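Colleague: Quick one: sequence plus predicted model below, questions after.
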Amino acid sequence: MNSSDTRYTPIPLPDYVERPQAEMLARANAFHESIRQRHTVRDFSTRPVPREIIAQCLRAAGTAPSGANHQPWHFSVIADATRKRRIRQAAEEEERAFYSGRAGKEWLEALAPLGTDADKSFLEAAPWLICIFGSRRSVGAGGKLRKNYYVAESVGIATGFLIAALHEAGLATLTHTPNPMGFLNEICGRPESDKPYILLVTGYPADGATIPLHATYKKPLEEIASFL
């Protein structure tokens, strides 16, 4: 660490609270119990969700770590029915091509247990769509355009924060990734230098909402982690 660089200004670590280990484990257990109840939903209610709830979850996402702290994400938050309809139409056009053969046999067989198809009616039913973009370049504090680093990784972490925040608020979510997604730039008014990564759908689950049984299987700890 180059402490002689005048641009580097260290401050005491704020906010950290050390807790007894018993409490730490209890909090870890409580978070796991909560987050394991999050499920990807494709049946959304049209019930409105107050904008401030979404805004507060986005504030949480904005605290995520990022390359050089450039925060290279942009969240285009859509409630407008006309824009949602345009997004659905464009997404379904890509999805029809995907399911008609572009995906390939192996990929389609992998998706079969999830019961997905080209119908994306949830894009109009849900009250909020959040288009998550990563910016290759963005304007810094001094108003100068600068290169961003580790954009995909940073956007992925922020998206994870956002999904967890929406779940904690009591909302259902769906990560949708039509391919290609360039149509989102035009609909959301974002520059070509921004790359759309995820279309996050959120709202209340519809009455009688279902999920595929296949989605309830999660790999056990010994398959996803190695303690070395």
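Modeller: That came through, no problem. Please read all numbers here as calculations on a predicted model, not as lab measurements.

Colleague: you'd agree Gly134 is up against Pro191?
Modeller: No. Using CB atoms under 8 Å, Gly134 makes no contact with Pro191, being 12.0 Å away. Where you see a C-beta, it was placed from the backbone N, CA and C, and this is true even at glycine.

Colleague: more neighbours, these two?
Modeller: Set Gly134 next to Pro191 and count neighbours by other CB atoms under 10 Å: Gly134 wins out with 24 against 11.

Colleague: quick one: Met181 and Cys188 touch, right?
Modeller: No. Applying CB under 8 Å, one finds Met181 not in contact with Cys188, separated by 10.5 Å.

Colleague: Quick one: list the elements packing against the longest strand along the chain.
Modeller: Looking across the chain with DSSP state E, the single longest strand is strand 194-203. Applying 3 or more CB pairs under 8 Å, 6 or more residues apart in numbering; DSSP states H and E, we find strand 194-203 packed against helix 122-125, strand 128-135, helix 151-169, strand 172-176, helix 183-188.

Colleague: okay, the ones you listed in a markdown table with mean pLDDT and distance to Glu222 next?
Modeller: What follows is those, written out as a markdown table (pLDDT from 0 to 100; distance: least, CB to CB, whole Å):
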| stretch | mean pLDDT | distance to Glu222 |
| --- | --- | --- |
| helix 122-125 | 98 | 35 |
| strand 128-135 | 98 | 32 |
| helix 151-169 | 98 | 23 |
| strand 172-176 | 97 | 26 |
| helix 183-188 | 96 | 39 |
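
Colleague: follow-up on the earlier one: and the next helix or strand after the longest strand of the chain, average pLDDT?
Modeller: Remark: after strand 194-203, the chain's next helix or strand is helix 221-224, criterion DSSP states H and E. The pLDDT scores in helix 221-224 average 98.

Colleague: packing partners for helix 221-224?
Modeller: Against helix 221-224 (3+ CB pairs under 8 Å, 6+ apart) you get no helix or strand.
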